[in-house]
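# okay, sequence plus prediction incoming.
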Amino acid sequence: MQGQFERKVEANQPDKMSILKPKPEITKAMVDREMRQLFRLQTLIDVVYGIMLFRIFLFLPRPEVDGFGAKDLVKVLSESYLNYLMIIVGIFMLIVYWGQSNMQFGNLERTRTPHAILSILQVVFLLLYFYFVRLDVQFDGAAIALQMESIFLALAGLMSILGWHYAVKNHLIADALSEEEKYEVYLKLYPEPIVSVLTFPFAFFGPDAWTASWLLLIPVTMITKRIIHNIKTKSKSEPNPGTFR
């Protein structure tokens, strides 16, 4: 009886060899489909960035919105310095995140649905950021608008980091990219979301303090550049660097 019981238990146990079998290889059809998906994703994101750039210039005074005539044109244009400031800040942030997107997509060979979702979420959060920039202008730097700007910029940066992490782990990037270069991309993505989180509490002290807190981007960027420099120096001195995890 005991022998029969042991044989039944062994029969119900999964085959160890079946567990250790490698996952199915990626077929050429899958690769071609993922490459086409990358092209469509790039096109979609380029269109959204174009829409955001257009909407930034809607911050300029408009007669049909702000209710002024030709006689008031000079006065309105000379007193709309806050609108100009928002345009400058908006263009700067758009260039920063476009540069990050371009850096990532330039190193990708294909994409998959999870990566595409993270990339789309990033631009969605950027659109929400510009929505609260508009509220910031309309309500004279309301604390809640400033805080939401910090939150959505941080979320946009987080989606960028997660997207790159997924691409690296799932081998969606170019084979020519070294471990050092992969890690370098990681570090280049960190400053903006880190500073976005740091600016959040400054919103309680008013728009001037919140705006000034963005100067933290300078030392944070310098620190990350220093780390990148140290990694490059170390990799040159070590002929066989460890594999990036």
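Structure's in. What do you need? Worth saying up front: this structure is predicted, and the values here are computed from it rather than measured.
# what residues are up against P193?
P193 makes contact with 153-158, 160-161, according to Cβ atoms under 8 Å, 6 or more residues apart in numbering. (C-beta placed from N, C-alpha, C; glycine too.)
# tell me the mean pLDDT for the biggest helix by length in the chain?
Of all the elements of type helix in the chain, the one with the most residues (DSSP state H) is helix 28-56. Mean per-residue pLDDT for helix 28-56: 88.
# likewise stretch 204-211?
Averaged across stretch 204-211, pLDDT comes to 89.
# name the residues that touch it?
Identification of contacts with stretch 204-211 by Cβ under 8 Å, 6+ apart yields 89, 136, 140-141, 143, 146, 150, 199, 202-203.
# biggest separation within the contacts of P193, which pair?
Spanning the widest gap among those are L153 and I161, at 13.0 Å by Cβ to Cβ.
# who has more neighbours, these two?
L153 (26 against 19; other Cβ atoms under 10 Å).
# doesn't I194 make contact with that one?
No - using Cβ atoms under 8 Å, L153 makes no contact with I194, being 10.7 Å away.
# and L41, how far from L94?
Using Cβ to Cβ, to the nearest Å, we find L41 at a distance of 19 Å from L94.
# do the same with I161
Applying Cβ to Cβ, the value for I161 to L94 is 19 Å.
# stretch 198-206: which residues count as buried?
Buried residues in stretch 198-206, defined by neighbour count with 16 or more other Cβ atoms under 10 Å: 198-200, 202-203.
# identify the residues contacting the most centrally placed residue in the chain.
Centroid-nearest residue in the chain, with Cα atoms, centre = their mean: S160, separated by 2.7 Å. By Cβ under 8 Å, 6+ apart, the contact list for S160 reads 97, 100-101, 104, 122, 189, 193.
# restricted to buried residues, select the residues you listed in PyMOL.
Buried subset of the contacts of S160, written as a PyMOL selection, criterion 16+ other Cβ under 10 Å:
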select buried, resi 97+100+101+104+122+189+193
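# mind checking which of the contacts of S160 are in helices?
Members of the contacts of S160 lying in helices (criterion: DSSP H): 97, 100-101, 104, 122, 189, 193.
# so which of those residues is the closest to I227?
For the ones in helices among the contacts of S160, the nearest to I227 is L189 (12.8 Å; Cβ to Cβ).
# so what's that closest one up against?
Shown in contact with L189 (Cβ under 8 Å, 6+ apart): 100, 157, 160-161, 164.
# greatest separation within those: which pair is it?
Using Cβ to Cβ, the contacts of L189 span at most 11.0 Å, a distance reached by G157 and W164.
# can you give me the strands for the chain?
Under the criterion DSSP state E, strands are not mapped anywhere in the chain.
# quick one: low-confidence ranges for it?
For the chain, the stretches flagged by pLDDT under 70 are 1-25, 64-67, 72, 235-245.
# could you rerun that using 80?
The chain contains residues with pLDDT under 80 at 1-26, 28, 58-83, 85-86, 137-138, 231-245.
# ranges for the helices of it?
2-12, 16-19, 28-56, 63-66, 73-79, 81-106, 113-138, 143-169, 179-189, 191-199, 207-213, 217-237.
# which positions in the third one come out as buried?
Read that as helix 28-56. 34, 37-38, 41-42, 45, 48-49, 52, 55-56.
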